[in-house]
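Visitor: the following block contains a protein sequence and its predicted model.
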Amino acid sequence: TVPFRLTYHMVLNLLRVEDVNPEFMLERSFYQYQNTSSIPFLMNKLQVAEAEHATITVPNEESVRTFFNLRQQLAKLQKLLTSYITKPRYILSFLQPGRLIKVQHNEDSWGWGVVVNFQKKAKQGAGATDPLYVVEGLFSCATPIVPNTAPKPAPPGTKGEYQIVPLMLHLVTEISAVRLYLPKNLVPLENRESVGKSLKEVEKRFPDGI
């Protein structure tokens, strides 16, 4: 078998040549040969997986299915509730400096942080009806801090550096009744770390939820 890879442009050129069968060339392509030769192995893996699946038994399967469906419905309702809570008309009055908020951005869990301020931005786009609000929060960020790059949350169990992170309202998943004292100047690192220590102390005192 000839070890070559047929490209799209090579096949087009073959179609222009008489007495040349592109299908014949494709079948003898090295990569086509590799793919074809792996079929029996893949079929065997599929049969083994199907056999293992057939032997799996779930005790009280109907109850487990009902519980799973309830959890799915609860997650949808929680998401709907959060979307209402984070509307500016409801949440802005609670975003005083020092308020504790919990943030989730896609797969990145920022955990609890401290509100520093929020800003009202201009409406985005011609069809926008509501202004845009950006919350500035103090969160533990992964180190080292790279200038001009988006910060990432510090992984659990690691020591991060507390930085002021701008975030959108819809990223807030929980808001606490607890407020912390904030120094007037958060530029010095020691002031930000002091707030971070207070936050950790609150989390220790309320392990079941802030």
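Guide: Now that the structure is in, tell me what you want to look at.

Visitor: quick check: longest strand of the protein.
Guide: Using DSSP state E, we find that the single longest strand of the chain is strand 108-121.

Visitor: centre of the chain to it, how far?
Guide: 17 Å (CA atoms, centre = their mean, to the nearest Å).

Visitor: quick one: distance of the host helix or strand of residue 194 to the chain centre.
Guide: Assigned by DSSP states H and E, residue 194 falls within helix 189-205. Its chain's C-alpha centre and that of helix 189-205 lie 25 Å apart, by CA atoms, centre = their mean.

Visitor: relative to strand 108-121, how tilted is it?
Guide: If you take axes from the mean of the first three to the mean of the last three CA atoms, to 10 degrees, helix 189-205 sits at 120 degrees to strand 108-121.

Visitor: report the buried residues of helix 189-205.
Guide: 191, 192, 194, 195, 196, 199, 202 (16 or more other CB atoms under 10 Å). All C-beta atoms are positioned from the backbone trio N, CA, C, and that covers glycine.

Visitor: what is the mean pLDDT for it?
Guide: When pLDDT is averaged over helix 189-205, the result is 94.

Visitor: could you shift the numbering so residue one becomes 20, and keep it that way?
Guide: With the count now opening at 20, the last piece we talked about shows up as helix 208-224.

Visitor: circling back: export the buried residues of helix 208-224 to a markdown table and tack on distance to residue 175?
Guide: Conversion of those to a markdown table gives the following (distance: CB to CB, whole Å):
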| residue | distance to residue 175 |
| --- | --- |
| 210 | 24 |
| 211 | 20 |
| 213 | 22 |
| 214 | 19 |
| 215 | 15 |
| 218 | 15 |
| 221 | 17 |
